[in-house]
Every structure is written in C-alpha cells, then in structure tokens.
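Novice: Here is my input, please return the structure:
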Amino acid sequence: MTLDTWAIFVPAAFALNMFPGPNNVLAMTHAARWGFSTALIASAGRFPPFAGFVLAAAIGLGAALAASAELFAALKWVGAAYLLWLGVQMIRAGAGDLAGVSGDGRLRPLAAREFWTAITNPKAMLVFTAFFAPFVDASRPAFAQILTLGGVALGLELIAVALYAFAGAHLGRLTRSPRGLGLVNRLSGAALVAAGLALLFARRPASP
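Specialist: Take a look at the predicted model:
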C-alpha cells in the first residue's frame, strides 16, 4: 500500500474508532467510576473479538455475514439482547454497581463486559469488512493487506480507548458523590439501551 493510501486510512480509521459506540461508552463509564487505569486495563476485553473480526474479514467471513440474512439476524438479536440487559442492569444498579469489589476482582467483570459487548455486535464485523475493502490493492493478495490494516486499526483503537478513559476519569472527578456516580451509571445504561435498540432495528447491507 502506498503512503497516499495510509494518509487516508489512518485518520479515517481513527475517526471510526472514536465513534461513541457501546464499548467506548463502557470505557468512559468505567473510568468515571474506578479511574483511568482500571478502564484502560479492562478494555483489553474488547481486543480479542476485534482481532477475530479482522481475521474474519481477511478470510471472507464478513462477506458471508453480509450475505446471510439468517446469520445476521441471529447475531443481531443476541447482541441487542445483551446490550439491553447490560444497560438495564447499569440503570438499576445506580451508584452501587461493583462498589464493594476491588483489585483483580473488579477488573474481571469489567473486562467481561467489554468482551461480550464487542463479540455480540455483528455490525462491528461488517464495519471492519466494509471499511477495509476500499484500501485493499486488488492487484495483490488481500489477506496480508487486511491483517496489516487491521493491526493498525487496533493500535488506533487503543488510543481511542485511552482518550475515552481520560475523559471519563475527569467526568468522575466532577461526580464523586454517590448521587453523581449513580447518574453516570444511569446515563451510560440508557446509552447502552439505545445502542441495543438501534442494533435491534439495524438492517444488513444489501448483497452485491
């Protein structure tokens, strides 16, 4: 790939990573509640699914997902149900969510949230597939190119996580009272419910 291609891909990929999707909402919420470092470490849970999506895009599974109405619908319902469940749980928990848990005992459930939020979102795989395609040189094997693009995108994802966690940590300093933290949880829960509803009504792209 040429330098001109990278000059377009990198800012476009970073803008995509900065989109306030469900995982970024979680990173901001975790940082507001438990600090920057906790949110950044917990975000490791999203990277195995995202790396899997990159590999799937490289071997063509994303195209299969786009072409299969049944597969897309099944994954869409699972993902929407999880986001709705998680959002309702956060709204109901208020300021008490994981409040009595510390250390590694807290990181595991937070990382699990990141993992399941990422892996149950079929739109994420389609985004990877559709986004990488215009940057692939058709005269060369696509597999290695997509893996390279995906590696760069995952690196940019880490930067985006850090920025969301940084913003969340500062938000947390302004809402240290139980009432303020409860409000953060409820707003974040409402955002996840909205994301779940949006996913529920999402349509797969038309097959080429």
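Novice: Next up, identify which helix or strand the residue in the chain sticking out farthest from the centre is on.
Specialist: What lies farthest from the middle of the chain is Ser139; by CA atoms, centre = their mean that is 31.8 Å. Counting by DSSP states H and E, no helix or strand carries Ser139.
Novice: Asn121 is in contact with Pro22, correct?
Specialist: Yes - using CB atoms under 8 Å, Pro22 makes contact with Asn121 at a distance of 7.0 Å. Every C-beta, even on glycine, is put in place using the N, C-alpha and C of the backbone.
Novice: residues in contact with the closest residue to Ala142 other than its chain neighbours?
Specialist: Leaving aside its sequence neighbours, Ala142 sits nearest to Val136 (CB to CB, 6 or more residues apart in numbering; 5.1 Å). Residues in contact with Val136, defined by CB atoms under 8 Å, 6 or more residues apart in numbering, are Ala142, Gln145, Ile146, Leu149.
Novice: Include neighbour count when you put the residues you listed into JSON lines, please.
Specialist: Shown next, in JSON lines, are the contacts of Val136 (neighbours: other CB atoms under 10 Å):
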{"residue": "Ala142", "neighbour count": "17"}
{"residue": "Gln145", "neighbour count": "18"}
{"residue": "Ile146", "neighbour count": "24"}
{"residue": "Leu149", "neighbour count": "26"}
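Novice: ok, of these, which one's closest to His170?
Specialist: Nearest to His170 among the contacts of Val136: Leu149, at 32.1 Å, using CB to CB.
Novice: Secondary structure element for the residue nearest the centre of the chain, which one?
Specialist: When CA atoms, centre = their mean is applied to the chain, the residue found nearest the centroid is Asn23 (3.6 Å). Assigning secondary structure by DSSP H and E places Asn23 in helix 22-34.
Novice: Which residues does the helix or strand following that helix contact?
Specialist: Per DSSP H and E, helix 22-34 leads on to helix 36-42 as the next helix or strand towards the C-terminus. If you take CB under 8 Å, 6+ apart as the criterion, helix 36-42 is touched by 27-28, 30-31, 106-107, 110-111, 113-114, 161-162, 164-166, 168-169.
Novice: What residues sit buried inside helix 36-42?
Specialist: Phe36, Thr38, Ala39, Leu40, Ala42 (16 or more other CB atoms under 10 Å).
Novice: could you dump those to a markdown table with distance to Arg186?
Specialist: Shown next, in a markdown table, are these (distance: CB to CB, whole Å):
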| residue | distance to Arg186 |
| --- | --- |
| Phe36 | 22 |
| Thr38 | 20 |
| Ala39 | 18 |
| Leu40 | 23 |
| Ala42 | 20 |
